[in-house]
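Student: Output the structure for:
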Amino acid sequence: MNILMMTNTFTPHVGGVARSVAGFTAEYRKRGHRVLVVTPEFNNMPANEVDVVRIPAIQNFNGSDFSVVLPVSGFLSSAIEEFKPDIVHSHHPFLIGSTALRIAHMHQLPLVFTHHTMYEQYTHYVPGDSKAMQRFVIKLSTSYANLCDQVFAPSESIATVLRKRGVKIPLAVIPTGVHLERFAQGDGQPFRARMNIPQDAFVVGHLGRLAPEKNLEFLAQALVTFGKSDKRAHFLIVGEGPSKHDIRRIFSQAGISERLHMVGILEHNDLISAYCAMDVFAFTSKSETQGMVLVEAMAAGVPVVALDAPGVREVVVDYKNGRLLTDENVIEFSSALQWLTLLPSEKLLQLKQHVAKTADAFSMSRSVDKALEHFEKLLDQAFISREGEYSTWSATLHLIQTEWDLLKSMAGAAGAALNIVQTKNKIEE
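Tutor: Residues are numbered from 1 along each chain as shown. This is a model prediction of the structure:
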């Protein structure tokens, strides 16, 4: 089948959504399906991309890692006409997601929406970060879901939230899978040597976008508390983002900066080897919809210590494949890390056996099987027009535009970017 993927983030952007879209796209193509990805332009884009349509965008909107898409010309319509999609898969309710909705309606195609993100937890990137904006964003994403034919939730926790919020169309839990075979290729010891990490160190690792919504100041405080109690502890942080300065500051104030190794963004074998260099993966975000990096860590044989949150509790089982902590407490988190260092070899082996079983349950092949099964069912159904739901969604878009107008006076330099969003919304209405 011909699958049209429409996403606001894609390679070379580093983040869960981009990696999910890239992973599913590669696996669909491997199985003989054709996939066209519609996505914004980014700096350092891969050269000679096949079946990828790039749309101009403003990057790093208001200090975030996200892009604001500019109004698109007719070349996208031509590309889609030539591609002849059988199904449209949207990965956002905003910007390109709006275009996905119009394309599906215009061509009478089934529309699938993956609810990757709890969008209300990202409104701090909009000047003012108002409660009204959070309410509008929740209503918008819910209304958007009800305009689709199928919603994929990346975890059961998120599916439960979406049902409570009023999503009425069919929901399926389909996490982003992990290519288990790739993580068998990593080699942690040479990676430690390159990063000047002692071979006998106990390495606590973290990987992801280093941004405020990831709760990284708490993580850094917990890590330095553990580091003060265990002189063997070293800390490997993979990723980039505005919170890296806060992490460095907290380690510097604690006097253990020499044991902090911040290596930036890694890809391919370097990324896998970084996981393999860890003894434990530490995770404190509460804004996730799925534990993608947690599964990747476990695919590399690494147990996890994490705070209980949606998307996390589906992966981490307390005392089975790591520790799942209900309280956000620095001392308790540090103690959980210490617990791992004291496990006898037999108990550690049992823990790692559970880690391997967890990773296998989240393999990419299983996730793709589920997604394709739902795609096939949709192709057998008649097109459903949802004019009533569309009116609700359009009204919510208008409310958000009004909220942005009120906040724009506080936005300063961000005002120009907000005007672009408003212009695009008007064109799409």
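Student: quick one: residue 228 is in a strand?
Tutor: No. The assignment for residue 228 by DSSP: H, G, I helix; E, B strand; the rest coil gives helix, which leaves it out of any strand.
Student: avg pLDDT for stretch 86-93?
Tutor: Averaging pLDDT along stretch 86-93 yields 94.
Student: Now tell me what touches it from outside.
Tutor: 1-9, 17, 20-21, 96-97, 100-101, 103-104, 109-114, 116-117, 119, 140-141, 144-145, 148, 375, 378-379 (C-beta atoms under 8 Å, 6 or more residues apart in numbering). To be clear about C-beta, it is placed using only N, CA and C from the backbone, and glycine gets the same treatment.
Student: From those, list just the buried residues.
Tutor: Neighbour counting by 16 or more other C-beta atoms under 10 Å classes 3-9, 17, 20-21, 96-97, 100-101, 103-104, 109-114, 116-117, 119, 140-141, 144-145, 148, 375, 378 among those as buried.
Student: What backbone torsions are found at residue 44?
Tutor: Phi and psi for residue 44, reported as degrees, to the nearest 10, are phi 60, psi 40.
Student: From residue 105, how far out is it?
Tutor: Here the criterion is C-beta to C-beta, to the nearest Å. By it, residue 44 lies 34 Å from residue 105.
Student: same deal with residue 310?
Tutor: When residue 310 is compared with residue 105 (using C-beta to C-beta), they lie 31 Å apart.
Student: Which residue of these two possesses the greater neighbour count?
Tutor: Between residue 310 and residue 105, residue 310 has the larger neighbour count (other C-beta atoms under 10 Å), namely 22 against 17.
Student: Next, the more buried one: secondary structure please.
Tutor: Here residue 310 takes the coil state, with states given by three-state DSSP.
Student: Surely it touches residue 158?
Tutor: Yes. In terms of C-beta atoms under 8 Å, residue 310 counts as a neighbour of residue 158; the distance is 5.7 Å.
Student: Which neighbouring residues are in contact with residue 103, exactly?
Tutor: Residue 103 makes contacts with 4, 6, 80, 85, 88, 109, as judged by C-beta under 8 Å, 6+ apart.
Student: Identify, from these, the entry nearest to residue 256.
Tutor: Looking at the contacts of residue 103 and their distance to residue 256, the nearest is residue 6, at 45.2 Å (C-beta to C-beta).
Student: Nearest residue to the closest one in space, please, no chain neighbours.
Tutor: Leaving aside its chain neighbours, residue 6 sits nearest to residue 100 (4.0 Å; criterion: C-beta to C-beta, 6 or more residues apart in numbering).
Student: Could you confirm the one you found falls within a strand?
Tutor: No. According to three-state DSSP, the state of residue 100 is helix, so it is not within a strand.
Student: what's it in contact with, if anything?
Tutor: Residue 100 is in contact with 4, 6, 38, 88-90, 111, counting by C-beta under 8 Å, 6+ apart.
Student: And for residue 372?
Tutor: The neighbours of residue 372, taking C-beta under 8 Å, 6+ apart as the test, are 28, 31, 33.
Student: Could you rerun that using 10 Å?
Tutor: 1, 3, 24, 27-28, 31, 33 (C-beta atoms under 10 Å, 6 or more residues apart in numbering).
Student: any idea which helix or strand carries it?
Tutor: Of the helices and strands defined by DSSP states H and E, residue 372 is found in helix 364-379.
Student: Centre of the chain to that helix, how far?
Tutor: 20 Å (C-alpha atoms, centre = their mean, to the nearest Å).
Student: next one: stretch 208-226
Tutor: Distance, stretch centre to chain centre, for stretch 208-226: 17 Å (C-alpha atoms, centre = their mean).
Student: Quick check: end-to-end length of it?
Tutor: 21 Å (C-alpha to C-alpha, to the nearest Å).
Student: what does stretch 312-332 give?
Tutor: End-to-end distance for stretch 312-332, by C-alpha to C-alpha: 18 Å.
Student: how about that stretch: buried residues?
Tutor: Taking 16+ other C-beta under 10 Å as the criterion, stretch 312-332 shows 312-316, 320-325, 330 as buried.
Student: low-confidence ranges in the stretch 101-250 of the chain?
Tutor: Applying pLDDT under 70 to the stretch 101-250 of the chain flags the ranges 118-133.
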